[in-house]
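Colleague: Predicted coordinates and the sequence they were generated for:
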Amino acid sequence: MVIETIIRQREESVIHRAYLSVQETADLMGVKRNAVYQLIYHGKLKAYRLTSRVTRISRIDIEELLSTSLYVRKSKAKSSVSDENGEAISEFYTTKEIITKFGVSNSWVFAQGKAHNIPKVYHRGKTLWSKTHCDRVFAAKPEPPKDDDWISYSNVRAEYNLTHDQLHNYVKYHGLRRKKVGKYTYILKSEIDAILRPPTLK
């Protein structure tokens, strides 16, 4: 009974206080201290660090966080799609299969998918593309890139404010085509633009 009385008194004192410690906040919210710190570190909950050992959190901020963090059920990933005639599409390529079959880059697949509105679905974290539409779009061999289609590393870095390592990672991760002319490296401007240039409203 004594222990229960002490706990009840602590809870009542917390309820009427304007500022709480991290532990008191955790007790009030029914979570662990680490969960409160994670909310603070991610900027979801304001905290005031008075000293290296004293942190206080406003009850108003706690109540605001709880009132704006309503649980919303996420819609399931799209698992079916229809063609222009309303018929269900049943055959698909993975992105990797398109790259292997048609000899294109990862970024080019997504750029053409967007440009030609290729139907796609998502399954277990992978993007699947309509086989019929891909055969139609990617079977036509594109013309060889002209000299004006290539852009040097230095120009890309200047245009998009990238470091050499950042640009190298983009090229490697997306499998962008590149060529060397003397000591300079060039990549296709259309492919890097498809990744980095923000979309424009039509």
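Modeller: Nice, I can see it.

Colleague: Let me see the ranges of the strands in the protein.
Modeller: Chain-ordered strands for the chain, with DSSP state E as the definition, fall at 19-20, 48-49, 55-58, 92-94, 120-123, 126-130, 150-152, 178-181, 184-188.

Colleague: Point out where this structure drops to low pLDDT.
Modeller: Screening the chain residue by residue with the criterion pLDDT under 70, one finds the ranges 4, 6-16, 70-80, 140-144, 198-202.

Colleague: Show me where it has its helices.
Modeller: In order along the chain, the chain carries the following helices (DSSP state H): 2-15, 22-29, 33-41, 59-68, 95-102, 106-115, 131-138, 153-160, 164-174, 189-196.

Colleague: can I get these in a markdown table with distance to S52 and mean neighbour count?
Modeller: All C-beta atoms are positioned from the backbone trio N, CA, C, and that covers glycine. Putting the helices of the chain into a markdown table (distance: least, Cβ to Cβ, whole Å; neighbours: other Cβ atoms under 10 Å) gives the following:
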| stretch | distance to S52 | mean neighbour count |
| --- | --- | --- |
| helix 2-15 | 23 | 10 |
| helix 22-29 | 13 | 18 |
| helix 33-41 | 15 | 15 |
| helix 59-68 | 21 | 13 |
| helix 95-102 | 49 | 16 |
| helix 106-115 | 47 | 19 |
| helix 131-138 | 59 | 18 |
| helix 153-160 | 41 | 15 |
| helix 164-174 | 35 | 14 |
| helix 189-196 | 42 | 19 |
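
Colleague: if we compare the ones you listed, which one ends up closest to S82?
Modeller: Evaluated with Cβ to Cβ, the helices of the chain place helix 131-138 nearest to S82, the distance being 11.9 Å.

Colleague: Let me know the angle separating the closest one from strand 126-130.
Modeller: Using axes from the mean of the first three to the mean of the last three Cα atoms, to 10 degrees, the inter-axis angle of helix 131-138 relative to strand 126-130 is 80 degrees.

Colleague: centroid residue for the protein?
Modeller: Centrality entry for the chain: nearest residue to the mean C-alpha point is G125, 12.6 Å, by Cα atoms, centre = their mean.

Colleague: Distance of that one relative to T95?
Modeller: In this view, G125 and T95 are 11 Å apart by Cβ to Cβ, to the nearest Å.

Colleague: Likewise for W150?
Modeller: Shown here: W150 relative to T95, a distance of 24 Å by Cβ to Cβ.

Colleague: With G175 instead?
Modeller: 10 Å.

Colleague: Counting neighbours, what do you get for L162?
Modeller: 17 (other Cβ atoms under 10 Å).

Colleague: before we move on, the earlier item: and of the strands of the chain, who's closest to N34?
Modeller: Each of the strands of the chain was checked against N34 via Cβ to Cβ, and the shortest separation belongs to strand 55-58, namely 13.7 Å.

Colleague: Could you export the closest one as PDB, CA atoms only?
Modeller: Once non-C-alpha atoms are left out, strand 55-58 reads as follows in PDB (Å, rounded to 0.1, in the frame of the first residue of the first chain):
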ATOM      1  CA  THR A  55      16.600  18.200 -19.800                       C
ATOM      2  CA  ARG A  56      13.000  19.400 -19.600                       C
ATOM      3  CA  ILE A  57      10.100  18.900 -21.900                       C
ATOM      4  CA  SER A  58       6.900  21.000 -21.900                       C
END
